[in-house]
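*Asks:* Have a look; sequence and predicted model below, questions after that.
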Number of protein chains: 2
Amino acid sequence: MTIGRKTTPSIGIIGFGAFGRLIARHLAPHSPLVVSDPCQSIPQESPDRVVVSDARGAARCDIVILAVPVDRMSAAIAELKPHLRPGAVVIDVGSVKIEPARIMLAELPENVEIIGTHPLFGPQSASRGIAGLKMALCPIRGKSWRRIAAFLRQKLKLDVILTTPDAHDRDMAMVQGLTHLVAKILVRMEPMPGRMTTRSFELLMQATEMVRHDAPGVFHAIERANPHARAVRERFFAHAQEITRELERGHEAQRPAAREIEAEIA
Amino acid sequence: MTIGRKTTPSIGIIGFGAFGRLIARHLAPHSPLVVSDPCQSIPQESPDRVVVSDARGAARCDIVILAVPVDRMSAAIAELKPHLRPGAVVIDVGSVKIEPARIMLAELPENVEIIGTHPLFGPQSASRGIAGLKMALCPIRGKSWRRIAAFLRQKLKLDVILTTPDAHDRDMAMVQGLTHLVAKILVRMEPMPGRMTTRSFELLMQATEMVRHDAPGVFHAIERANPHARAVRERFFAHAQEITRELERGHEAQRPAAREIEAEIA
């Protein structure tokens, strides 16, 4: 890719889990990649133009993508910090944005640019390509985000949504907080009926199926690392209790009518 | 329709709400219909072969479909009872099956047959036709259910699921109980984010959208008239509370780690 410059910038990916692999597959046709992961073994069948390296090799790229869980971000930054080039662009891809933005601003050297992103898809929703899928993008420091956003829109055909870490986390506390909370509850209620089902129930099960295999860290990031998630959970439970009370009251109110029916039959 | 007999049986429909109209549209090509509703005005643009009548006219048909809310079933039966023909088949279409079966067995004359059905679709899921859609069928009294089930399968191309009122209500306490409960909670939490969304959240919203416009009686039938619904709600809330407790414990457990990060930054 040129993203407005004469030369193609190199891209380093720190973290080669499910999401790091997905990014690599879509970036490899556009740019040379250097991937690094201290924990995962990187498969031999990686795409062409992908060089496997230690954190140092990935950190020396023009663009460095942090594809690690939020709770491992500080450790990853500590490792790559000594090797970052002045003017490099560091990008995270976490499910929350306030906390990663705070960590990156506090812990990265002042001479690197910072962008927070959240691709609103995972390996499952991206299985038929990523064109048209949504990605939230938060400019944190520097101006490279304009070139990066243009690349994401024009080359990867992503639907890039410019936002701030706080606005992102507020919306995601609803979007991901509710989806994962409901899915977590439903998975624990299994087995579910499989034959006698309605269309709306099938949609609910499909939503559950899409997030149930997410790594446990994803649920914890969504529910704990998002400062707005707790208030959303509390509203969810308050409404649930309110509905229960209404149904209980209904039971009370219905009793005389039920007795009348019994009397009628007798 | 012949459903195994020499002559085409007439069909009476008591109750001409959203669901009664849907039934009429799909049965009209197969059989003469007589519809009756004490509350709703029946539109002039009804399909051909549909005769509008009082309860008496509908009650004198070979097959009588009760398309009224569960809590109005006793009143409807009281009205049509004097006019039912010996050997008539009375069919209900309610969202629960134990209570309608009990009412119909107790209140209908012994010389009529009884079938409980629950078409697992509504006007929205049937908007592109009903072929392939699911219908639960519970034989209650008599043997006509075999001919009726064959008609539903062969002529209407429905996926007929033979079951009992108790097995039906057990599964539906999960299927409909959970869908409607979750949808009810989510509707009360509106407004929802519309732009920054994930695929799984969109599925959750679609499920909600499909049931949000259901008549209030549907929610009450599902949650209150189904004797298994309360236990499902209680399990839902118990799991929700368990997950909350786990998340709170996680908050506690994470605090020292967060302090370490702060110390590192300072």
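*Replies:* That came through fine. Predicted model only: the values in this text are computed from it and were never measured.
*Asks:* Wait, a helix at A:Val34?
*Replies:* No. Checked against DSSP: H, G, I helix; E, B strand; the rest coil, A:Val34 lies outside a helix; its state is strand.
*Asks:* list the contacts for A:Asp169?
*Replies:* Contacts for A:Asp169 (Cβ atoms under 8 Å, 6 or more residues apart in numbering or on different chains) come out as A:Val96, A:Lys97, A:Ile98, A:Asn226, A:Pro227, A:His228. To be clear about C-beta, it is placed using only N, CA and C from the backbone, and glycine gets the same treatment.
*Asks:* Please check these and keep the buried ones.
*Replies:* A:Val96, A:Lys97, A:Ile98, A:Asn226, A:His228 (16 or more other Cβ atoms under 10 Å in any protein chain shown).
*Asks:* how about those residues, which pair is most distant?
*Replies:* Pairwise distances across those (Cβ to Cβ) peak at 11.0 Å, for the pair A:Lys97 and A:His228.
*Asks:* who touches both of these two?
*Replies:* A:Asp169, A:Met172.
*Asks:* what's the span of stretch A:125-139, first residue to last?
*Replies:* 25 Å (Cα to Cα, to the nearest Å).
*Asks:* Quick one: mean pLDDT over it.
*Replies:* Per-residue pLDDT over stretch A:125-139 has a mean of 95.
*Asks:* does chain B sit close to that stretch?
*Replies:* Yes. Using Cβ under 8 Å from any Cβ of the partner chain, stretch A:125-139 reaches chain B at A:Ser125, A:Lys134, A:Ala136.
*Asks:* So which of those residues belong to strands?
*Replies:* A:Lys134, A:Ala136 (DSSP state E).
*Asks:* Let's have the residues of stretch A:125-139 next to chain B in JSON lines, adding distance to B:Thr244.
*Replies:* JSON lines is the format used below for the residues of stretch A:125-139 next to chain B (distance: Cβ to Cβ, whole Å):
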{"residue": "A:Ser125", "distance to B:Thr244": "28"}
{"residue": "A:Lys134", "distance to B:Thr244": "29"}
{"residue": "A:Ala136", "distance to B:Thr244": "27"}
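*Asks:* Buried among the residues of stretch A:125-139 next to chain B? Need that as a selection in PyMOL.
*Replies:* In PyMOL, a selection of the buried entries from those looks like this (16+ other Cβ under 10 Å):
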select buried, chain A and resi 125+134+136
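*Asks:* Show me which of the residues of stretch A:125-139 next to chain B is closest to chain B.
*Replies:* Closest approach to chain B among the residues of stretch A:125-139 next to chain B (Cβ to the nearest Cβ): A:Ser125, at 4.2 Å.
*Asks:* Next up, the contacts around the closest one.
*Replies:* A:Leu133, A:Met210, B:Thr198, B:Arg199, B:Ser200.
*Asks:* rerun that using 10 Å as the cut-off
*Replies:* A:Ser125 makes contacts with A:Pro119, A:Leu133, A:Lys134, A:Met210, B:Thr198, B:Arg199, B:Ser200, B:Glu202, as judged by Cβ atoms under 10 Å, 6 or more residues apart in numbering or on different chains.
*Asks:* ditto for A:Ile140
*Replies:* Each residue near A:Ile140 by Cβ under 10 Å, 6+ apart is listed here: A:90-92, A:97, A:100-102, A:104-105, A:108, A:113-116, A:164-165.
*Asks:* let's see 6 Å
*Replies:* A:Ala101, A:Ile114, A:Gly116 (Cβ atoms under 6 Å, 6 or more residues apart in numbering or on different chains).
*Asks:* and which of the residues you listed is nearest to B:Ser10?
*Replies:* Using Cβ to Cβ, A:Gly116 is the member of the contacts of A:Ile140 that lies nearest B:Ser10, at 68.0 Å.
*Asks:* Verify the stated contact: the closest one with A:Leu137.
*Replies:* No. With contact defined as Cβ atoms under 6 Å, A:Gly116 does not count as touching A:Leu137 (7.5 Å).
*Asks:* What is the neighbour count of A:His213?
*Replies:* A:His213: 11 surrounding residues under other Cβ atoms under 10 Å in any protein chain shown.
*Asks:* quick one: contacts for it?
*Replies:* No contacts exist for A:His213 under Cβ under 6 Å, 6+ apart.
*Asks:* Look up phi and psi at it.
*Replies:* phi -100, psi 10 (degrees, to the nearest 10).
*Asks:* what about it, distance to B:Arg233?
*Replies:* A:His213 sits 27 Å away from B:Arg233, going by Cβ to Cβ, to the nearest Å.
*Asks:* next one: A:Ile65
*Replies:* In terms of Cβ to Cβ, A:Ile65 sits 44 Å off from B:Arg233.
*Asks:* now A:Arg224
*Replies:* 27 Å.
*Asks:* and if you look at A:Ile98?
*Replies:* From A:Ile98 to B:Arg233 the distance is 34 Å (Cβ to Cβ).
*Asks:* now do A:Phe121
*Replies:* According to Cβ to Cβ, A:Phe121 stands 33 Å off from B:Arg233.
*Asks:* what does A:Glu234 give?
*Replies:* With Cβ to Cβ as the criterion, A:Glu234 and B:Arg233 are 19 Å apart.
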